[in-house]
Structure formats: structure tokens, C-alpha cells
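Novice: With the input below, show me the fold.
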Amino acid sequence: MHLEDKLINYYLPPDEGFILESLVATTYEIDFEFLEEELLATSLGVRSPVSRWKGFRSELERKLQAADVTIFYDPGGCDKLTRMSPRIDIIPVITRKLHAKISIILWVKQAIKESKSPEYFIRLIIGSANLTRKGFRENYECAVAIDYSRKQSGSRWVLNEAIEIIRELAKGSTSTLLDRQLMAVESRLKRMPKQRESKIGPVAFVTADQVVPQLKWAWSKISRKAPERMIIVSPFWPVGDRAASVVANLVNNFGSPGRVELVCQGASDIATGKWIPRFDSDLAYGVCNLLHSRLYIRPAKPDFGIDEGMGRPDPTIDTEDSTISDRKIGTNGLGFLQRKLHAKMIILECVNGAVIYIGSSNCTRRGLSLGGPTNWEAGLIFHYPKGSNQIVEKMMAFAGDAIEVQENDRISMEKPTEDPERFFPRFIFEVVASESKIVIYFREGMQIPEDLVVLMRVTDSSERNKYWLLIDNDARDKIMSDKYETDLHECHICDESLEHLEDEVITKYIPDLLIEIRWDDHNAEFPVRFDDKASLPLLLQSRRYTEDELLDYFKTGYDPNSDSGGTDLGWGDDEQNTDKSNEYGQVDTRKILSYHIRRFIQALPGIETELHHAAYSKPALEAALRGPTSPLELANRIYLSLTEARGPDEPKRTPVAIVFQLVELLASLSRCKKQIKDTELKQCFDPVINHCHDLIAEVREQAIESEDDLFKTYIETFAGRLN
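Specialist: Below is the predicted model of the structure:
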């Protein structure tokens with residue numbers, strides 16, 4: 001366990017050479033723009049500035065191909081789904097309120113020597129921050145990171161319990177990606193050598209209903225008396241007629257502490273300009289009357305950490321990483337900076353030491369299981385030894401002066417307001433897309449609205465008011481066993497008012513990232529999860545690469561989706577391609593097949609190099625083998641050249657030339673597979689190799705008469721060895 005000033009530092013690679021392989025995270029509120037363009041971009045080392053939008057997205061999506069990312073969130077906490085990447089699995093949790101903030105990150109470092117195994121590093125993060133800009137830049141948050149590696153190892157049972165919580169959240173989901181991620185973490189953890197655990201490591205991993213019982217148990221190990229001081233840090237508190245007794249009962253679980261401090265949000269009193277607690281005064285005085293302890297209110301300071309620089313770099317040096325990690329605090333309209341309290345802690349203290357809870361639970365009924373239903377919560381409890389007062393004071397440095405609550409002395413407070421609950425279609429459990437097929441899963445036992453309408457925006461259209469009509473009144477009879485299946489090819493195209501657009505021509509049947517749901521005068525968006533991410537184009541709006549563009553990618557590394565400049569190396573008629581003298585000499589050789597084959601052969605070393613570099617993890621290798629710039633895609637483009645119409649400058653392709661290319665591609669894949677020692681990684685090659693065999697067989701069936709004995713021997717010699 002270690003402490004960082006900036007939360008985003010926990011999500012950076014632990015050392016040079018480590019690459020993100022997997023991230024599983026849970027959050028209540030989510031800012032998709034921040035998640036993709038800042039947090040993941042920083043974690044993946046994407047250097048392209050956001051100002052170069054197409055190049056930035058292209059590089060980000062290429063990095064996401066080689067990493068597995070799954071995010072759980074609560075639909076009630078997300079105002080707008082501005083999601084961009086289909087390679088991130090976004091899973092809404094609808095069974096009960098998801099308030100836990102857990103991140104499990106797996107990094108891998110490729111071995112320098114072939115005889116060595118890759119090095120893995122796991123980090124578990126538990127705290128109070130949502131995956132939002134505010135959570136990482138502005139708020140007062142608390143978080144704990146526990147690392148597992150060859151050199152250090154936290155408590156393994158903590159990580160195992162966090163994994164079990166995530167499995168509980170995912171019950172019923174059809175995601176195979178999540179299963180792979182969690183099993184990979186468990187497998188890597190077992191292979192790491194066990195280390196001596198820290199003396200101040202966590203003593204308990206707790207959910208909402210376990211916080212109070214485990215705190216009592218932990219305190220009993222320190223003292224049989226009541227704590228000398230009890231500190232409760234929470235931005236939200238119980239409401240209602242019995243709110244005071246709820247807080248009082250929480251305190252009384254630990255006897256009668258000598259001093260109770262309630263750390264709450266602060267607010268500016270417009271009349272006096274003073275900084276006052278943002279707390280319900282009726283609650284404060286009600287708790288005071290029910291306790292035998294002295295009660296204090298401490299509003300969080302508006303700007304703690306700002307004057308100290310908050311760990312900011314030299315202001316004369318402006319880098320993208322520092323801009324992303326730097327906290328940007330907004331003003332409150334009164335001319336000074338203000339930070340918002342969002343941390344959740346409970347501290348019990350005496351001369352013998354301290355017991356500290358850090359996690360996601362607010363001091364509410366749902367957060368601490370103080371009556372009624374509970375949230376999904378997660379937190380850790382720590383024992384701190386005698387003499388830990390300085391540690392506690394450092395943790396509480398953001399809290400303002402303590403104001404004692406006394407019955408005859410009224411304190412100026414600002415009563416907090418509640419945010420209204422957002423409407424969300426909790427009758428839909430999951431939406432999964434595979435190529436052009438869409439499957440909508442409904443939550444078992446919940447009634448489906450009679451006026452349900454489900455739409456999906458047409459990605460092939462620049463106009464945002466054109467939709468595929470997935471479900472309307474006519475389709476309700478097709479919902480079978482809480483599941484509805486359809487294909488975009490079979491769906492009507494309509495506008496926002498559901499009027500059919502019969503003359504609409506669609507060229508790309510690629511599902512959008514979201515569906516729009518209308519029911520009972522409500523309207524909401526729901527994320528779509530993509531099953532086969534390897535079949536997705538690098539950018540959803542982009543076309544598939546041509547064979548020549550793929551060859552140029554493997555030869556030169558040029559990505560057609562990048563906007564970084566460079567020459568278009570495809571077979572085009574534009575001015576950039578009219579002069580081929582530097583590449584082909586004085587004669588225009590673009591229509592000569594032998595020169596095209598030469599370009600293909602020159603690309604093979606690039607293919608093998610890319611596969612070798614990706615052989616550090618299964619996600620990276622599968623992306624390199626099956627992604628939009630991969631041997632599998634190249635094989636498909638080669639095969640399609642037999643039947644597709646040729647461009648004006650493309651050479652005439654023969655079946656013999658196509659088989660030759662496929663056989664050489666197979667030989668290249670075979671060489672790469674033999675160099676890999678990991679059995680699991682070797683298996684990634686099999687589907688691609690088998691697919692190439694099938695393509696060769698189909699071409700030979702169509703033009704077997706064109707083969708002579710020598711060519712048949714060539715095929716049997718090289719392709720036969722690959723079976």
C-alpha cells in the first residue's frame with residue numbers, strides 16, 4: 001500500500017516497460033469523455049494531442065485493441081452517455097444502487113530475453129472517487145492502492161474478495177471478456193511469489209452491511225473502552241424524521257466516545273461571507289441531544305492543497321500528461337476557489353492506536369446498512385498502531401475548524417438539497433451486438449412496457465435523425481424468453497418521429513454504441529456491448545482497409561486513419577500517386593502483378609515483427625492477429641480480390657497469385673507461432689491459420705485446373721506442414 005497526491009498516478013504504469021493489459025472498474029457516476037480521452041489515454045501512453053482528433057482516436061483505439069477494459073456503472077448516476085469506443089465493455093448495474101469504487105489493473109512487461117517469462121503487476125484501488133473529472137481533479141477524495149508483483153505483495157485475500165464482489169455484480173451478464181479478465185488476474189496472482197505482508201495492511205474488506213460489525217471487531221483488538229475520538233467523514237447524511245437516531249445509533253455502537261466529529265461539506269454564507277457547514281441543523285442538534293459525547297461539526301476547507309501547489313509541475317513546462325493529471329478547481333461565484341468533499345472515512349482513535357475505514361460508504365442508511373436496503377459498497381479497514389495521531393491529523397488536514405454543537409448555541413448552517421433520481425429503463429438488462437446482429441436481454445420478472453420503442457442511430461449517415469427501428473408495437477410478439485433478437489439488415493429506417501424512410505440507402509451495417517429507449521413518456525440511452533471486438537474497424541466511421549493499404553501498414557507503419565500527414569500509398573488516381581518513379585523506376589509498374597507480389601513479400605517481415613511485439617499478452621496478440629490491421633484481415637482482402645472489381649491501376653489477379661499469397665502468409669504465421677513458448681498464446685494462432693486453410697481450399701475449388709504439378713507440390717510442402 002502506498003499514498004499518492006494525485007489519484008490519476010495510481011492508473012499510470014508502475015515502471016518503464018509495463019503495458020496495460022486489463023482494467024476492471026466499478027463506479028457510480030461516469031464521465032465517458034474523461035474516461036476515454038484522459039484516464040485511459042494516459043494509462044495507455046497515447047501521445048497524440050486531442051487537437052489532432054482523428055490521429056488521437058486512431059492511436060487510442062489501436063492501444064485499446066491490445067487491452068481489455070470493463071466498466072460497471074449505475075445508470076442513475078450517469079447523466080449522459082457520450083461514449084466513443086466500442087472496445088470498452090460498459091455494463092450497467094440495475095439490481096441495486098452501485099456505489100462501490102473498485103479498480104483492478106493488470107500490467108505486463110515483455111521479457112527482454114526469450115528464456116524469461118513476462119513480468120506482471122497487479123494493482124487494486126478502492127476508494128471514494130467516481131470515474132469523472134471531478135473525482136480525479138477537484139474533489140477531496142480518499143483512495144487506497146494495494147500492489148501485487150514479484151517484488152511486493154499485499155494481502156491476497158483482499159484482491160480475491162474484490163474479485164468476488166465484481167463477479168456478484170456481473171451475475172447474468174453474457175460477457176466472456178470479463179471472465180477472461182478476472183481469470184487472468186487470478187492466474188497471474190498465483191504465479192507471483194508470496195511476500196511478507198505489511199503491518200499496517202488492511203484487516204478487513206467490507207461491504208455496506210459489514211462496515212459497522214467489522215469496525216467493532218477491529219476496535220476490540222485495540223481497546224475495550226470507547227474511543228477517545230470518533231471522526232465520521234461523509235458528504236451525504238441521513239434524511240427524514242428519524243435521521244438523528246440513525247447517526248446516534250451508529251455512534252453508540254462504540255459506547256460513548258469522548259469526542260465525535262462530523263466532517264461535512266462546506267458552503268459560503270452569502271450574508272456574512274463566512275465558511276459554514278453544509279449540514280442539516282435539525283440533524284446536528286437532534287444527534288447532540290441523543291449522545292453523551294461532545295459533538296463537533298467540521299466543514300471541509302474550500303481550498304486546501306491549492307496554495308501548497310498540490311504537487312503541480314513547473315508552470316513554465318506545459319506537457320499533455322501534466323495537463324491531464326493537474327487538478328483544475330472551479331470558483332464558487334464569490335471570487336475564490338472551492339473544492340468539494342467527496343471522501344468517506346470513519347476513524348476511531350485512542351492512545352493505543354486507531355482503526356480507520358476508507359471506502360465508498362456515505363454515512364447514510366443505504367451506505368452503512370443503518371436500516372432498509374443497502375447499496376453495493378466497498379471499503380477497507382486498517383489498524384494503525386500506537387502513536388498514529390500524526391497520520392490521522394495528516395488525513396484530516398482538509399477538514400476545517402471544529403465547531404461544537406451545543407443546545408443553547410445555534411450554529412449557522414446551510415441545509416443540503418437532494419438530487420432527484422434519474423429515470424432509467426431497469427427492465428432492460430443487457431444489449432449485445434455481433435456484426436449486424438443485435439440481442440436485447442430483458443430483466444427477468446420485470447414487465448415490459450406496452451408502448452416500448454427501441455431505436456439505434458444509423459452510423460452510415462451524417463444526419464443524426466436517422467435510426468434503425470429495432471422494436472416497436474409490431475415487434476413485441478417476437479420477444480421470446482426475455483430476449484429479443486434482430487438484424488440491422490431487416491430493420492426499417494425511420495426518423496425521430498418514427499416515420500419510415502423507405503428510399504434510404506445504407507452501405508454500412510455497423511451497430512451504434514447506444515440504443516435509444518422510449519416508454520411511458522420517458523426517454524433514455526442504453527450502452528451496447530460488442531462481442532467480437534476484433535471484427536470492428538479501427539474507427540466506427542471508417543471504411544475497411546484495402547489490401548494495398550494493409551501492405552503499406554506492415555511495410556512502413558503508415559495508418560490510413562491517422563491525420564499526421566504523409567503520403568497515401570494506396571492504388572489511387574490522386575496527384576500524390578501519379579509519380580511512382582521513386583518506387584518503381586522510370587516505368588509505371590502499378591499494373592504489373594509481379595511488382596504487387598514483391599510488395600506483398602516485402603510486407604511479411606513487418607507482419608512477423610508486429611506479432612512478435614504483441615506476444616506479451618493474449619489481448620495484444622489477438623488484436624494483432626485478428627484486428628483491422630492484421631494477418632486475418634489481409635487474408636480476407638486477398639481472397640476478396642478474386643471476385644471484387646479492380647481499381648483502374650490494380651493488376652489483374654489470378655487464382656495462382658492469390659493462393660501463393662495465402663500460403664506465404666500461412667508460412668509467416670507458422671514461423672511466429674513456433675517462436676512462442678506460452679501454450680495459451682500459441683492457441684491464438686489456430687483460428688487464423690485454420691481460416692487461411694479454408695480460404696486456400698475455396699480458391700483451389702474455383703480454379704483447380706490452373707494448377708500445375710509443381711505448384712501443387714509447393715502448396716502441399718508449405719501449407720501441409722501447417723496442419
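Novice: which residues of the stretch 451-600 of the chain score low on pLDDT?
Specialist: 460-464, 504, 540-542, 561-591 (pLDDT under 70).
Novice: How about the stretch 151-300 of the chain?
Specialist: 196-199.
Novice: Could I get the full set of helices for it?
Specialist: Secondary structure of the stretch 151-300 of the chain by DSSP state H, counting those that start in this stretch: the helices cover 156-169, 176-191, 211-220, 243-252, 281-290.
Novice: what's the answer for the stretch 401-550 of the chain, then?
Specialist: Counting by DSSP H, counting those that start in this stretch, the helices of the stretch 401-550 of the chain are 547-556.
Novice: the strands in it, which residues?
Specialist: Assigned by DSSP state E, counting those that start in this stretch, the strands in the stretch 401-550 of the chain fall at 403-404, 428-434, 437-442, 453-457, 467-471, 483-487, 492-494, 514-519, 522-527, 529-530.
Novice: Select, out of the helices of the stretch 151-300 of the chain, the one closest to residue 465.
Specialist: Nearest of the helices of the stretch 151-300 of the chain to residue 465, taken as Cβ to Cβ: helix 176-191 at 32.6 Å. Every C-beta, even on glycine, is put in place using the N, C-alpha and C of the backbone.
Novice: for that closest one, packing partners?
Specialist: Here helix 176-191 touches strand 18-27, strand 68-73, strand 88-92, strand 102-109, strand 119-127, helix 156-169, going by 3 or more Cβ pairs under 8 Å, 6 or more residues apart in numbering; DSSP states H and E.
Novice: so that helix versus strand 68-73, what angle?
Specialist: 110 degrees (axes from the mean of the first three to the mean of the last three Cα atoms, to 10 degrees).
Novice: want to throw the helices of the stretch 151-300 of the chain into CSV with mean neighbour count and distance to residue 520?
Specialist: Formatted as CSV, the helices of the stretch 151-300 of the chain follow (neighbours: other Cβ atoms under 10 Å; distance: least, Cβ to Cβ, whole Å):
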stretch, mean neighbour count, distance to residue 520
helix 156-169, 18, 27
helix 176-191, 16, 32
helix 211-220, 18, 37
helix 243-252, 20, 32
helix 281-290, 18, 35
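Novice: Output these as a markdown table; include the columns distance to residue 496.
Specialist: What follows is the helices of the stretch 151-300 of the chain, written out as a markdown table (distance: least, Cβ to Cβ, whole Å):
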| stretch | distance to residue 496 |
| --- | --- |
| helix 156-169 | 34 |
| helix 176-191 | 33 |
| helix 211-220 | 47 |
| helix 243-252 | 44 |
| helix 281-290 | 46 |
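Novice: of all those helices, which lies closest to residue 471?
Specialist: Closest of the helices of the stretch 151-300 of the chain to residue 471 is helix 176-191, at 25.3 Å (criterion: Cβ to Cβ).
Novice: quick one: contacts of the closest one?
Specialist: 21-22, 24, 68, 70, 89, 91, 104, 106, 120, 122, 148, 156, 159-160, 163, 166-167, 170, 531, 618 (Cβ atoms under 8 Å, 6 or more residues apart in numbering).
Novice: returning to that earlier point: for the strands of the stretch 401-550 of the chain, which one sits closest to residue 694?
Specialist: Ranking the strands of the stretch 401-550 of the chain by proximity to residue 694 (Cβ to Cβ) places strand 428-434 first, at 20.0 Å.
Novice: how far does the closest one sit from the chain's center?
Specialist: Offset of strand 428-434 from its chain centre (Cα atoms, centre = their mean, to the nearest Å): 17 Å.
Novice: Can you work out which other helices and strands pack against that strand?
Specialist: Using 3+ Cβ pairs under 8 Å, 6+ apart, strand 428-434 is in contact with strand 437-442, strand 522-527, strand 529-530.
Novice: Mean neighbour count for the ones you listed - can I get that in TSV?
Specialist: Converted to TSV, these look like this (neighbours: other Cβ atoms under 10 Å):
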stretch	mean neighbour count
strand 437-442	19
strand 522-527	17
strand 529-530	22
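Novice: For residue 486, find the nearest of those.
Specialist: Residue 486 sits nearest to strand 437-442 of all the helices and strands packed on strand 428-434, at 5.4 Å, using Cβ to Cβ.
Novice: now the angle from the closest one to strand 467-471?
Specialist: Using the same axes, to 10 degrees, strand 437-442 lies at 50 degrees relative to strand 467-471.
Novice: hang on, the earlier thing: between the helices of the stretch 151-300 of the chain, which one is nearest to residue 403?
Specialist: Taking the helices of the stretch 151-300 of the chain one by one with Cβ to Cβ, helix 281-290 is closest: 9.6 Å.
Novice: what's next to that closest one, contact-wise?
Specialist: Applying Cβ under 8 Å, 6+ apart, the external contacts of helix 281-290 come out as 237-238, 243-245, 247-248, 251, 262, 277, 295, 297, 405-407, 410-411, 413, 415.
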